[in-house]
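K.L.:
okay, structure incoming, though there's no sequence with it:
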Ligand code: FES
């Protein structure tokens with residue numbers, strides 16, 4: 001165990017030998033900025049004033065030569081080798097509402113939703129909570145390093161569900177889809193993520209997702225139905241009709257409050273398709289336009305889609321605090 005001190009403050013927290021500065025800070029209830037938790041976004045950057053750290057992921061994309069030159073590190077990757085003094089600006093928005101912890105998780109069942117998305121249900125030790133839209137760092141047996149998967153349910157009965165898209169030749173999804181069986185055990189670290197449901201926001205809700213973004217959007221829709229009285233417009237997109245079938249269950253959550261719009265982006269697969277065509281975010285923007293300024297907007301999916309939506313929301317002058325997504329790129 002190492003002691004981490006925040007430079008020029010009286011804030012200190014413990015960090016286990018194999019833990020990272022970011023996760024230890026969040027476990028202690030300290031708001032350290034972050035988003036992806038896997039070394040991609042750079043939001044967790046800090047300066048090392050004293051001590052010694054190493055990066056769990058040496059090739060973290062967000063760690064630049066300039067960072068190295070200035071003794072800056074990524075909190076989500078930095079594992080202390082001894083007591084450290086670090087410098088970062090505490091972020092009140094990042095103070096965890098549910099403190100993350102590491103837990104054993106037993107796979108209970110697998111349910112195929114379509115040709116490449118399967119729902120995995122894990123029973124967690126300790127009946128832990130999370131907020132709709134959050135994610136867990138999942139370490140699978142025989143797989144190097146954790147993977148980020150968002151929960152799709154609300155954590156009922158101590159079960160965390162994940163709707164996961166198979167990555168062709170992906171090490172983690174090969175283990176999940178082809179090797180793990182009910183009764184097998186993974187390690188879950190969480191919950192994490194700042195794109196969680198703002199249940200108090202006085203606005204109707206728009207959820208936009210493509211492909212791998214289905215899981216958090218499902219959790220947000222379920223949470224919004226449980227915790228708010230707002231209407232919920234869901235937009236889900238894929239390349240072809242077969243990609244959209246996994247999301248069909250969303251329309252049945254509560255037809256009185258939920259609308260579901262499906263879109264496909266590959267015109268070569270459009271024969272017989274009666275839904276919308278185009279990139280899903282473009283369809284949502286075409287439908288809602290400036291009305292998005294009056295909505296609470298959540299999105300998840302491929303990096304290109306998320307970046308395009310973020311840019312479009314900026315162009316439409318949607319207030320930044322009404323836009324919620326985690327930067328997994
Ligand atoms: Fe650390 Fe994204 S790089 S949270």
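P.N.:
Received it, and whenever you're ready, just let me know what you need. This is a predicted model, so every value here is computed, not measured. Numbering: from 1, shown residues only.
K.L.:
next, count neighbours for residue 200.
P.N.:
Neighbourhood size, residue 200 [other C-beta atoms under 10 Å]: 7. For every residue, glycine as well, the C-beta is placed using N, CA and C.
K.L.:
could you do residue 292 as well?
P.N.:
Counted with other C-beta under 10 Å, residues neighbouring residue 292 total 20.
K.L.:
wait, a helix at it?
P.N.:
Yes - counting by DSSP: H, G, I helix; E, B strand; the rest coil, residue 292 is part of a helix.
K.L.:
from what I see, it and residue 313 are in contact.
P.N.:
Yes - the criterion here is C-beta atoms under 8 Å, and residue 292 meets it with residue 313 at 6.8 Å.
K.L.:
residues in contact with the nearest residue to residue 177 once chain neighbours are set aside?
P.N.:
Leaving aside its sequence neighbours, residue 177 sits nearest to residue 166 (C-beta to C-beta, 6 or more residues apart in numbering; 5.5 Å). Residue 166 makes contacts with 116, 117, 118, 173, 177, as judged by C-beta atoms under 8 Å, 6 or more residues apart in numbering.
K.L.:
out of those residues, who's nearest the ligand?
P.N.:
Distance to the ligand, by C-beta to the nearest ligand atom, is smallest for residue 173 among the contacts of residue 166, at 21.4 Å.
K.L.:
secondary structure element holding that closest one?
P.N.:
Residue 173 belongs to helix 171-174 when assigned by DSSP states H and E.
K.L.:
same question, residue 298
P.N.:
In this assignment (DSSP H and E), residue 298 forms part of strand 295-300.
K.L.:
contacts for that strand, please.
P.N.:
Outside strand 295-300, the residues within contact range by C-beta under 8 Å, 6+ apart are 133, 150, 195, 197-198, 201, 203-209, 212-213, 215-217, 220, 230, 233, 281, 288, 305-306, 309, 313, 318, 322-326.
K.L.:
now, of the residues you listed, which are buried?
P.N.:
The neighbour-count test (16 or more other C-beta atoms under 10 Å) marks 133, 150, 195, 197-198, 201, 204-209, 212-213, 215-217, 220, 230, 233, 281, 288, 305-306, 309, 313, 318, 322-326 as buried among these.
K.L.:
near the ligand, which residues of the stretch 101-250 of the chain?
P.N.:
Within the stretch 101-250 of the chain, no position is adjacent to the ligand by C-beta under 6 Å from any ligand atom.
K.L.:
show me where the stretch 101-250 of the chain has its strands.
P.N.:
Applying DSSP state E, counting those that start in this stretch to the stretch 101-250 of the chain gives strands spanning 101-112, 117-124, 135-139, 147-150, 159-165, 185-192, 204-210, 232-238.
K.L.:
reformat these as JSON lines; add distance to residue 62 and mean pLDDT.
P.N.:
Formatted as JSON lines, the strands of the stretch 101-250 of the chain follow (distance: least, C-beta to C-beta, whole Å; pLDDT from 0 to 100):
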{"stretch": "strand 101-112", "distance to residue 62": "23", "mean pLDDT": "96"}
{"stretch": "strand 117-124", "distance to residue 62": "28", "mean pLDDT": "96"}
{"stretch": "strand 135-139", "distance to residue 62": "17", "mean pLDDT": "96"}
{"stretch": "strand 147-150", "distance to residue 62": "14", "mean pLDDT": "94"}
{"stretch": "strand 159-165", "distance to residue 62": "24", "mean pLDDT": "96"}
{"stretch": "strand 185-192", "distance to residue 62": "16", "mean pLDDT": "96"}
{"stretch": "strand 204-210", "distance to residue 62": "23", "mean pLDDT": "94"}
{"stretch": "strand 232-238", "distance to residue 62": "27", "mean pLDDT": "94"}
